[in-house]
Structures are given as C-alpha cells and as structure tokens.
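**Student:** quick one, structure for this:
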Amino acid sequence: MKTNSKGTGMNRSWMLCMAWLVVTSSMAVAQSVDLWVLDGDTDSVLGLDASGAIVSTVALPGDGAGTAVTHDGAAWISIPAEQLIVKVDVDGIAVSVSPPEPVLALAVAADGSFWGVSNVSSEAFHFDDSGVWLETATVGSVPFALAIDGVGRVWVTNAFGNSVTRIDIDGSTAEFPVGFYPTGIAAHPGGNVWVIEKTGITILAGDGSVVSTQAVGSFPRGVTVALDGDVWVSDQGAHSVLQFDSAGQLLDEHTVGYVPWGISASGDGSVSVLCGYSGEVFRLDDDGAVLAVTAVGYPNAIGDLSGLQLAMTVLPEEDFDGDSAANMIESVNGTDPLDAGSQPVSFVRGDASRDGVVDIVDVFVILGHGDAPVCQEALDVDDSGMIDLADAANLLSYLFMGGASPAAPFPAASYDSSPASGYPCEG
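**Tutor:** Below is the predicted model of the structure:
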C-alpha cells in the first residue's frame, strides 16, 4: 500500500473507525433523482426519477464510465479519456478532480471517501470525500469493477487476471482466483461477494473462499443486489437479466433490450437495466414485469447508480432518508431507505387490537375474536414466525402469571428487524 504524500497518510483502520463517528446522524437524501445514467451519445449524465422520466441532464467534459452515488444523492463519475473524476448533482458539476491515472469504476465508502480502479497500471486509488488522492493499492491484471462490503473491505475484479483482489481495512491485499474474465461484482448485505464472469458466476465468502460457482447465461456482465436481497445479473449475450435468490438459486430470466450491461437496483424494489445497443433503460419490478422503458442515446455505467448498495451493504445502520428507520430495517420490511415518504409501520408486539394497551382484549384478538387485525406481526407474541395458540398462552402468562414479556418491539413501539413473511403490518 502506497500513501500519497499530499494526502493524510493516516492509517486506514483509524479512518474507518472515524467514519462511523462521522455518519452517526441521519443523512437525508434528496431523492428527486432516483438513478444516474450516463449517455455516451451526448457525453452527459441523466437523472431519472422513480417513474423513469428524465428530470435532470448534466453535460460532462467527456464520455463517462463509472458511477457511484454518495450519501446525499449526488454521484461521482469517472471520465477516463479526460483523466477526470467529477461529482454531479441536479445543479450540475459540483467538483472536478484529476486522478493520478485514468479511472474506470468507482465505489463510495462509509466515510464518504471513494475508491476507483485504473486498468492502465492495475492499481486502485483511494480519494477523500472531496476528491483528494489519499493512497494507492496494487491489484490484479486489468481491474474492471469494485465493491465495498459491510466491514469496509474493497473487492476488485481483475478481468485479465481471472481473479479478485480484496483490499483489507489495514491496507493489506489478498488475491483469489475465480473464473474466466470476471467483470461485475457486488457485495451482498448477507456477507458474500458475487463475481460475474464471462461464462458464469462465482460467490465468495468474506475470507475469499468459494461458496459456489455455476455456469449461467451467454455473457453475463453486470450485477446488483435488490431491496429484497435477490441478486440480478445482466446477460449481454442473451439480451436478458437473470434473477437469483441470495443463495445463488436461479429464480427467473427476463427479456430486456439489446446488449444489457449496466444494472442497478433502486430503493422502491425495482431494478433498472441499461441496454446500450437499443438505447433503452428498462425498469423492472421485483417479479421482472416492465414498469417503464426510457429512451437514452447510449446508456451505460458501471457501479451503484442509485445509492442502494451504499445504503444496504456499506451503511445499513444509518438512516439515509431521515425517517427514523435505519436503512436495513427499511430493506427487510420492504420500504425504501432512500425515500422519507416510505417507511415501515411501528408497532408494539402483543398489542393485537392496536389500541395502545396490551391487555386481555389482545388475547381474544389472537384467538380470532373481534375485527380482523391490521398488524398481524403484533399477534406473533413470541416472534416465532407463526401465529398460534402459543401466542395467546404466552400473553396470558405475561399478563397474569409473571411470565416472559412479548418479544421486541415491546413495550415501546418500534420496527421489526426480522419481519415474518406473510404477516403484514399496515397501520
């Protein structure tokens, strides 16, 4: 690891610890732009809203390549041919910096700093949140893309090295062999790292060991993790996207435009696919149904185009939209961590009647008497994932025999950190 003499020269472990102090307050994201998409035909970056409409256009000084959305909804964009990195928001270019070498892909870290990879010298560069170069790490042959995991480690695909380099918090590096021509990479909130190769997918554990490998698609290229934890892969050879569960099981394949490459999930559960040769951005719902198709001259980009990967994987305990629900709490409850108008319902477990008091009335509601409950999670007194007679018995024991209290959230209303499937809480 080499440190830039003009940078801080600080140990990265110390810097990462400071990062958690820096971001302890809520960081509200102005999310009028839901997705930043580069247009290679016009050398510009387009801001798309959640409906797919173009709401912002910013001219760039060249053809952009990598994109990484920041905590505040702006985006760092690399322009390799001009050896520039710029930061854009809806008002235009806010910052422009010259990296040591042309940079391709980018990824934002917990403290707002960011990393970029250069396929000129096979190095990764670390910049502070204003774009000042801090340090350099040597990676494998022809780095292509990168991702940052939940503990702050940087993972880089080496396209010609058929490997992945991990840059650890202390600055040390390790290289792990994968399949042929690895390109896209995503760090899953569950801890594994997905690597997309020319003929398939390799899933790595945090220690670099192979969890699984499989041959899929005809030329998979990009990858993103959706709000519900499913993993979506663009397959440029088949003009489709592949949808997997978090364990790597193929769930479905969805047809999109011609030569899909860039792919990015949004906070509302949708996934956007950039189809360069057909000049289209497809927005799909979580079942693959087409929500919108936006015409763009030549859409392209590598990286986190919405900020969702930053919210879910890098900073899951933070509250990006300022609605008092942590990013990951929103994710597991199916609400948007980037939109303050979308948040989970808080409740008190055991308050089945939702009258603000846990009492004998709630026992009768659990047993099926009275109006249908609007928050079924509140009936699951022991948080077993099932609503049954044990819940009524446990609540009776708590109320009259000094038994164990209901599971959290209790006694104050809050959000469920592990909601059970099929038990909605609507109000």
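**Student:** for the spatially most central residue of the chain, give me phi and psi.
**Tutor:** The chain has residue 309 as the residue nearest its centroid, 1.7 Å off, counting by C-alpha atoms, centre = their mean. With angles defined as degrees, to the nearest 10, residue 309 sits at phi -60, psi -40.
**Student:** residues in contact with the residue lying closest to it once chain neighbours are set aside?
**Tutor:** With sequence-adjacent residues excluded and distances taken as C-beta to C-beta, 6 or more residues apart in numbering, residue 309 is closest to residue 225, at 6.3 Å. C-beta: built from backbone N, CA, C; applies to glycine. Contacts for residue 225 (C-beta atoms under 8 Å, 6 or more residues apart in numbering) come out as 186-189, 194, 231-232, 265, 308-309, 312-313.
**Student:** let's see it at 6 Å
**Tutor:** 186, 188, 231 (C-beta atoms under 6 Å, 6 or more residues apart in numbering).
**Student:** relative to residue 167, which of those is nearest.
**Tutor:** Closest to residue 167 out of the contacts of residue 225 is residue 186 (16.3 Å), distances taken as C-beta to C-beta.
**Student:** that closest one: neighbouring residues, count only.
**Tutor:** By other C-beta atoms under 10 Å, 25 other residues sit near residue 186.
**Student:** then the one 3 residues further on?
**Tutor:** Residues within reach of residue 189, counting by other C-beta under 10 Å, total 20.
**Student:** what is the mean pLDDT for stretch 371-384?
**Tutor:** The pLDDT scores in stretch 371-384 average 89.
**Student:** list the buried residues in it.
**Tutor:** 373, 375-383 (16 or more other C-beta atoms under 10 Å).
**Student:** also stretch 126-141?
**Tutor:** Buried, per 16+ other C-beta under 10 Å, within stretch 126-141: 126-129, 131, 133-137, 139-140.
**Student:** could you do stretch 320-333 as well?
**Tutor:** In stretch 320-333, counting by 16+ other C-beta under 10 Å, buried: 320-321, 323, 325-333.
**Student:** what's the answer for stretch 207-218, then?
**Tutor:** 208, 216-217.
**Student:** do the same with stretch 353-367
**Tutor:** 353-354, 358, 362-363, 365-366.
**Student:** ranges for the helices of the stretch 251-400 of the chain?
**Tutor:** 308-309, 327-333, 360-366, 389-400 (DSSP state H, counting those that start in this stretch).
**Student:** any idea how far residue 333 is from residue 323?
**Tutor:** 12 Å (C-beta to C-beta, to the nearest Å).
**Student:** go on, residue 171?
**Tutor:** 37 Å.
**Student:** cool, residue 194 as well?
**Tutor:** Relative to residue 333, and taking C-beta to C-beta, residue 194 is found at 23 Å.
**Student:** also residue 124?
**Tutor:** 35 Å.
**Student:** and for residue 291?
**Tutor:** 21 Å.
**Student:** among the buried residues of stretch 353-367, which pair sits farthest apart?
**Tutor:** Maximum distance among the buried residues of stretch 353-367 (C-beta to C-beta): 14.4 Å, for 354 and 363.
**Student:** rewinding a little: what would the buried residues of stretch 126-141 look like in TSV with secondary structure, distance to residue 36 and pLDDT?
**Tutor:** Shown next, in TSV, are these (DSSP: H, G, I helix; E, B strand; the rest coil; distance: C-beta to C-beta, whole Å; pLDDT from 0 to 100):
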residue	secondary structure	distance to residue 36	pLDDT
126	strand	22	98
127	strand	18	98
128	coil	21	97
129	coil	18	96
131	coil	17	96
133	strand	23	96
134	strand	24	97
135	strand	26	96
136	strand	26	97
137	strand	26	97
139	coil	25	97
140	coil	28	97
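**Student:** adding distance to residue 198, write the residues you listed out as TSV.
**Tutor:** Output for the buried residues of stretch 126-141, formatted as TSV (distance: C-beta to C-beta, whole Å):
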residue	distance to residue 198
126	29
127	30
128	35
129	35
131	33
133	32
134	33
135	31
136	28
137	25
139	19
140	16
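**Student:** I am finished for the moment; much appreciated.
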